[in-house]
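1. Sharing a model that was predicted from the sequence below.
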Amino acid sequence: MIYYGGKEFANAFRTVRKNTIQIAEDIPADKYGFKPSPDSRSVGQTLAHIATLTTFPMMLHGERIPIGKIDFMEYVTKVQADEASLQTKDQIVAALKDRGEKFAKMLEGLTDETFFAEEITFQAGATPPSRTRFDLLLAAKEHEMHHRGQLMIMQRMLGIVPHLTREQQERMKQFQAQQAKA
């Protein structure tokens with residue numbers, strides 16, 4: 001018996017996406033073109049990438065398309081075009097909200113424990129050669145958190161204090177005020 005199922009995945013993912021959306025909203029639209037280095041994604045490109053990264057797990061786990069039936073070159077071309085179509089801050093934030101909620105709803109619908117344990121075997125030469133659906137679903141959330149970390153660094157480079165830092169600073173300020181009263 002596992003204690004982390006579709007409902008827990010959905011709740012955890014919604015928390016991650018809520019924090020990503022907050023970053024997207026905190027960064028001014030005129031800074032979406034900022035790149036920390038010439039060969040990296042811009043703020044806008046990173047956020048557009050995050051907005052589209054649920055496409056693969058939706059196909060594999062939501063639509064249950066067998067991995068052997070996915071044309072990866074066609075998939076990559078479609079996702080790159082989708083990312084490129086998200087040009088403005090408003091488009092990107094809307095996509096983050098809409099697609100994130102669609103993914104969370106799909107996750108909530110996953111209730112069969114044997115589904116999570118199912119092994120997905122990749123093409124020959126892949127490392128690792130296979131992973132469970134549970135691990136692949138967890139990887140979608142981890143992938144977003146990886147890029148969100150990059151965005152937090154970009155915020156710092158732009159002179160913006162990330163919202164999670166601001167919230168922690170406020171909690172510390174309140175704690176210190178309580179300690180001073182005691």
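-> Good, I have the coordinates. Numbers count the residues shown, from 1 in each chain.
2. When you work out contacts or count neighbours from here on, use the C-alpha atoms and nothing else.
-> OK.
3. By mean pLDDT, which helix or strand of this protein comes out lowest?
-> Least confident helix or strand of the chain, by mean pLDDT, DSSP states H and E, is helix 113-117 with a mean of 86.
4. for that one, packing partners?
-> helix 133-157 (3 or more C-alpha pairs under 8 Å, 6 or more residues apart in numbering; DSSP states H and E).
5. residues in contact with the helix it packs on?
-> 9, 13, 16-17, 20, 23, 27, 35-36, 43, 46, 50, 53-54, 57, 61, 115-120, 161-162 (C-alpha atoms under 8 Å, 6 or more residues apart in numbering).
6. Could you identify the helix or strand that succeeds it?
-> Tracing the chain C-terminally past helix 133-157 and defining elements by DSSP states H and E, one meets helix 163-181 next.
7. and that following helix, what does it pack onto?
-> helix 6-26.
8. Dump the helix it packs on to PDB, keeping only the CA atoms.
-> This file holds the C-alpha atoms of helix 6-26, laid out as PDB (Å, rounded to 0.1, in the frame of the first residue of the first chain):
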ATOM      1  CA  GLY A   6      -3.200  10.900  -7.100                       C
ATOM      2  CA  LYS A   7      -4.700  13.300  -4.600                       C
ATOM      3  CA  GLU A   8      -1.400  13.900  -2.900                       C
ATOM      4  CA  PHE A   9       0.400  14.300  -6.200                       C
ATOM      5  CA  ALA A  10      -2.200  16.900  -7.200                       C
ATOM      6  CA  ASN A  11      -1.900  18.800  -4.000                       C
ATOM      7  CA  ALA A  12       1.900  18.900  -4.100                       C
ATOM      8  CA  PHE A  13       1.900  19.900  -7.800                       C
ATOM      9  CA  ARG A  14      -0.600  22.700  -7.100                       C
ATOM     10  CA  THR A  15       1.700  24.100  -4.400                       C
ATOM     11  CA  VAL A  16       4.700  24.000  -6.800                       C
ATOM     12  CA  ARG A  17       2.700  25.600  -9.600                       C
ATOM     13  CA  LYS A  18       1.300  28.300  -7.300                       C
ATOM     14  CA  ASN A  19       4.900  29.300  -6.400                       C
ATOM     15  CA  THR A  20       5.900  29.300 -10.100                       C
ATOM     16  CA  ILE A  21       2.900  31.500 -11.000                       C
ATOM     17  CA  GLN A  22       3.900  33.900  -8.100                       C
ATOM     18  CA  ILE A  23       7.400  34.200  -9.600                       C
ATOM     19  CA  ALA A  24       5.900  34.800 -13.100                       C
ATOM     20  CA  GLU A  25       3.700  37.500 -11.700                       C
ATOM     21  CA  ASP A  26       6.400  39.100  -9.600                       C
END
